[in-house]
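A predicted structure for the sequence below; I have some questions about it.
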Amino acid sequence: MKFSKTVLTLMMSLAAAGAAHADDYPSKTITMVIPFAAGGPTDTVGRLVGQAMSKELKQQIIVENVGGAGGTVGAGKVARSAPDGYTIFLHHIGHSTAPALYKKMSYSATDDFETIGLVTDVPMTIVARKDFPAKDFKELITYIKANAAKLNYANAGLGSASHLCGMLFMSALEADMTTVPYKGTGPAMTDLLAGQVDLMCDQTTNTTSQIKESKIKAYAVTTKTKVPSLPDLPTADSQGLKGFEVAVWHGMYAPKGTPKAVVDRLSGALQTALKDPDVIKRMADLGTEPVSKERATPAALRAHLRTEIDRWGPIIKKAGVYAD
Ligand code: ASP
């Protein structure tokens, strides 16, 4: 193939512009899309990590909450954003369950995103409004089984972590409660505190302070072992629900086509942020911890996302839960 001199010069200057872009990056404010409402657990993790990353990147990271449909509205928006490094995205396990849950999606969870790295794995808690009648987990199970038809539980939409946990909990109990979807479990928590919904399964990053202040009732944590920040809360597994285990992993992404040098820069900033003593301390207070440096990488998140998509597909198919 023969190129004219003008075309060659143009190609060379385009390549140079690309390189200069990566060198200068970031030269303006970065937007982090959170696919849930403000005040919820994903928002809390995103703001905490975003603030620490911005110290390293020397540019501000602002959060944009784009809630709805279990995180798929925000994900779709990011998939259509410019791949210039100025839009990044924090999502959780829901990014891997959406392909099985949603028959129609406006984006591909794998092909429309660059992976930056894993961020944290967060335990969940089974909680209820303060005046819920059951005094412990055993009573809770008996009560739900006897009254399922008149009980409801809040979640952040189909495919959200709270939805998945609630679905697994109901299927373990063989009980069918009414679900009340929100744009995130931040607003769901407001209604739980006000006694307008009965139950919720949500991350410790949203429930810890409410549990400690006895503003809600907590019955169990969903990890294999207890959470150090909630030492009095037993696991669901130890209280009769053998093998019941859900933890919510979070990953950071950018739109497909974001230059590799930019993705690597973001991943480096993420790794630094996850070593920040303030981030470690705040996460510990909220019942979680940052992932290791090895997991906060593009390759680790890409592999994890693939494994999780493959793991959840058959489980969701078997449960027969779908969005329209
Ligand atoms: N983590 C919540 C969920 O998926 C949503 C949120 O962050 O508000 O249930």
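Cool, the structure landed.

does the spatially closest residue to residue 284 that is not a sequence neighbour count as helix, strand or coil?
Distance criterion CB to CB, 6 or more residues apart in numbering; nearest residue to residue 284, sequence neighbours excluded, is residue 229 at 6.5 Å. Just so you know, the C-beta spots here come from the backbone N, C-alpha and C atoms, and that holds for glycine as well. Secondary structure, DSSP: H, G, I helix; E, B strand; the rest coil: residue 229 is coil.

In terms of pLDDT, where does residue 229 sit?
On pLDDT, residue 229 comes in at 93.

do residue 167 as well
Note on residue 167: pLDDT of 87.

And the one 5 residues further on, by the same measure?
The per-residue pLDDT reported for residue 172 equals 89.

ok, now which ones touch it?
Residue 172 is in contact with 241, 244, counting by CB atoms under 8 Å, 6 or more residues apart in numbering.

Same question for the one 3 residues further on.
Residues in contact with residue 175 (CB under 8 Å, 6+ apart) are 144, 145, 148.

ok, the closest residue to residue 142 other than its chain neighbours to residue 185 distance?
Excluding its sequence neighbours, the residue lying closest to residue 142 (CB to CB, 6+ apart) is residue 134, at 7.5 Å. According to CB to CB, to the nearest Å, residue 134 and residue 185 sit 21 Å apart.

Those two: which has the busier surroundings?
Shown here are residue 134 and residue 185; by other CB atoms under 10 Å, residue 185 has more neighbours (32 against 17).

unless I'm mixing things up, residue 199 is touching residue 147, no?
No - assessed by CB atoms under 8 Å, residue 199 is found out of contact with residue 147, at 11.1 Å.

Looking at the two, which has the bigger crowd around it?
residue 199 (26 against 14).

and the residue nearest to that one when sequence neighbours are not counted, what are its bridge partners?
Spatial nearest neighbour of residue 199, excluding adjacent residues (CB to CB, 6+ apart): residue 153 at 4.1 Å. According to DSSP bridges, the residues that bridge with residue 153 are residue 179, residue 199.

Now for residue 153: which residues touch it?
Residue 153 touches 166, 177, 178, 179, 180, 197, 198, 199, 200, 201, counting by CB under 8 Å, 6+ apart.

what's the distance between it and the ligand?
To the ligand, residue 153 is 11 Å away according to CB to the nearest ligand atom, to the nearest Å.

Find me the pLDDT at that residue, would you?
Residue 153 carries a pLDDT score of 95 in this model.

before we move on, the earlier item: the ligand: which of the contacts of residue 175 is nearest?
residue 144 (19.2 Å; CB to the nearest ligand atom).

Over to the closest one: give its phi and psi.
Backbone torsions of residue 144, given as degrees, to the nearest 10, read phi -60, psi -40.

ok, now how distant is the closest residue to it other than its chain neighbours from residue 203?
Closest residue in space to residue 144, ignoring its immediate chain neighbours: residue 175 at 5.1 Å, by CB to CB, 6+ apart. Using CB to CB, one gets 22 Å for the distance from residue 175 to residue 203.
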